[in-house]
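J.: just a sequence and a predicted model for now, questions to come.
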Amino acid sequence: MKERIQKLLSRAGYGSRREIERWIEAGEILVNGKVAALGQPISESDKVILRGKTLHLESKLRATPKVIMYHKKAGEMCTRHDPEGRPTVFDNLPHLRQGRWIMIGRLDVNTDGLLLFTTDGELANKLMHPSSEVEREYATRILGEVTDEMLQRLQSGVQLEDGPAHFLRILAGGGEGANHWYHVVLAEGRNREVRRLWESQGLKVSRLIRVRYGFLSLPRSLRGGQYEELDIKTLRRLYESVGMSFEELVPIETAKPSAYRPASKEPSKPRSPSLYNAARTSTKKTTEANKPKRPSLRDFNRPK
């Protein structure tokens, strides 16, 4: 079955739809020896070359998709390579044997919290697209006096440089002195939208943490710079939340039993003998007890 080229390559994990569309427009993709066209229908059996490298579509599409939750630290860049040599979120991600990690949304350099990565570009596109209306929740520490009128305006809507915007919900989170915490919820992910909304009221965000994306919340045990992979049950629920079907594909190598399993090294759990060893020990003791004693040299030299 053929699909549009940007959708198929995205589903295979080569990049987001927008990235692939840019590559096509730049003439960097060939299909069966010809320059690819935007929206061109292809199948996994077609020979696709990206910047001189042949893509293995069939194996990529049959691989089980992966999604991880990553706790971004403030100061990390949301880019694969930073020309200034600053740390990036990709530095701490696990190595992939197939495909590559696609970032779902972005956080600015001074924001920390939950970031999602996947090997499925189509899933990334669904989770980021405004039509999916996936909620993002942020914990914000605000410097300045926040009035009820300000909160009302932020929920009813204010005009920003790139159009109207508003918070779906605002929940007070406490605080002391000039700093107070608020949890805010958005259903879109425009650039620095949370900060710009608060700044429209003359307030400053002194700390910003994304604590939830969709139904996925940042685990308390997940420290900055660490990641956690979603299990199959959560992965299936994530696909269903954006109207996609998830088919579990288990690679052959993961179905093979392990050839070696190391014994437990915990001193409180000694290794118990098997029935075979117990029977062997019992037989050995019985045989040695009934065996006649071999005479020694001392016995031969003893006077008769």
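T.: Structure received. Numbers count the residues shown, from 1 in each chain.

J.: the lengthiest strand in the chain pairs with which strands, and in what direction?
T.: Longest strand in the chain, counting residues (DSSP state E): strand 204-213. Strand 204-213 sits in its sheet next to strand 112-118 (parallel), strand 136-143 (antiparallel), strand 216-217 (antiparallel), going by DSSP bridges.

J.: show me where pLDDT drops low in the stretch 201-304 of the chain?
T.: Scanning the stretch 201-304 of the chain for pLDDT under 70 picks out 247-304.

J.: mind checking how far the spatially most central residue of the chain is from K233?
T.: Geometric centre of the chain, nearest residue: I68, 1.3 Å, by CA atoms, centre = their mean. Here the criterion is CB to CB, to the nearest Å. By it, I68 lies 15 Å from K233. All C-beta atoms are positioned from the backbone trio N, CA, C, and that covers glycine.

J.: pretty sure I209 is touching L107, no?
T.: No - using CB atoms under 8 Å, I209 makes no contact with L107, being 9.4 Å away.

J.: between those two, who's got more neighbours?
T.: L107 (23 against 20; other CB atoms under 10 Å).

J.: and the more buried one, which of the three is it?
T.: Put simply, L107 is coil when judged by DSSP: H, G, I helix; E, B strand; the rest coil.

J.: OK, contacts around it?
T.: The neighbours of L107, taking CB atoms under 8 Å, 6 or more residues apart in numbering as the test, are 72, 78, 113, 115, 210.

J.: same question, D162
T.: Applying CB under 8 Å, 6+ apart to D162 gives the contacts 190-191.

J.: now it: how far from S16?
T.: D162 is 20 Å from S16, where distance means CB to CB.

J.: wasn't D46 part of a helix?
T.: No - counting by three-state DSSP, D46 falls outside a helix, being coil.

J.: per-residue pLDDT, it?
T.: D46 is assigned 90 on the pLDDT scale.

J.: try the one 4 residues further on
T.: Confidence at L50, expressed as pLDDT, is 91.

J.: surely V184 and R195 touch.
T.: No - counting by CB under 8 Å, V184 stays clear of R195, with 10.9 Å between them.

J.: need the residues touching each of the two.
T.: By CB under 8 Å, 6+ apart, no residue touches both V184 and R195.

J.: and the two? Which one has more around it.
T.: Shown here are V184 and R195; by other CB under 10 Å, V184 has more neighbours (23 against 18).

J.: any figure for the gap between that one and L151?
T.: Applying CB to CB to V184 and L151 gives a distance of 10 Å.

J.: mutual contacts of the two, please.
T.: I170.

J.: so what's V67 up against?
T.: 116-120, 123, 229-230, 235, 238.

J.: same thing with G105?
T.: By CB under 8 Å, 6+ apart, the contact set of G105 is 115-116, 127-128, 136, 189, 213.

J.: for it, give its distance to L168.
T.: For G105, the distance to L168 (CB to CB) stands at 17 Å.

J.: what's near enough to touch T140?
T.: Contacts for T140 (CB under 8 Å, 6+ apart) come out as 181-184, 194, 198, 205, 207-209.

J.: for beta bridges, what are the partners of it?
T.: For T140, the beta-bridge partners are Y182, L208 (DSSP bridges).

J.: next one: it from R153, what distance?
T.: Distance from T140 to R153, by CB to CB: 16 Å.

J.: hey, where'd the helices end up in the stretch 101-250 of the chain?
T.: 121-128, 148-156, 193-199, 232-241 (DSSP state H, counting those that start in this stretch).

J.: would you turn those helices into CSV with distance to G52?
T.: CSV is the format used below for the helices of the stretch 101-250 of the chain (distance: least, CB to CB, whole Å):
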stretch, distance to G52
helix 121-128, 21
helix 148-156, 50
helix 193-199, 39
helix 232-241, 33
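
J.: the longest strand of the chain: which residues count as buried?
T.: Residues of strand 204-213 classed as buried by neighbour count (16 or more other CB atoms under 10 Å): 205, 208-210, 212-213.

J.: cool, stretch 120-134 as well?
T.: 120-128, 134.

J.: next: stretch 90-109.
T.: Buried residues in stretch 90-109, counted by 16+ other CB under 10 Å: 90, 92-93, 99, 101-107.

J.: repeat for stretch 150-158
T.: By 16+ other CB under 10 Å, the buried positions in stretch 150-158 come out as 150-151, 154, 158.

J.: check contacts around R17.
T.: The contact partners of R17, taken as CB under 8 Å, 6+ apart, are 6-7, 10, 121-122, 125.
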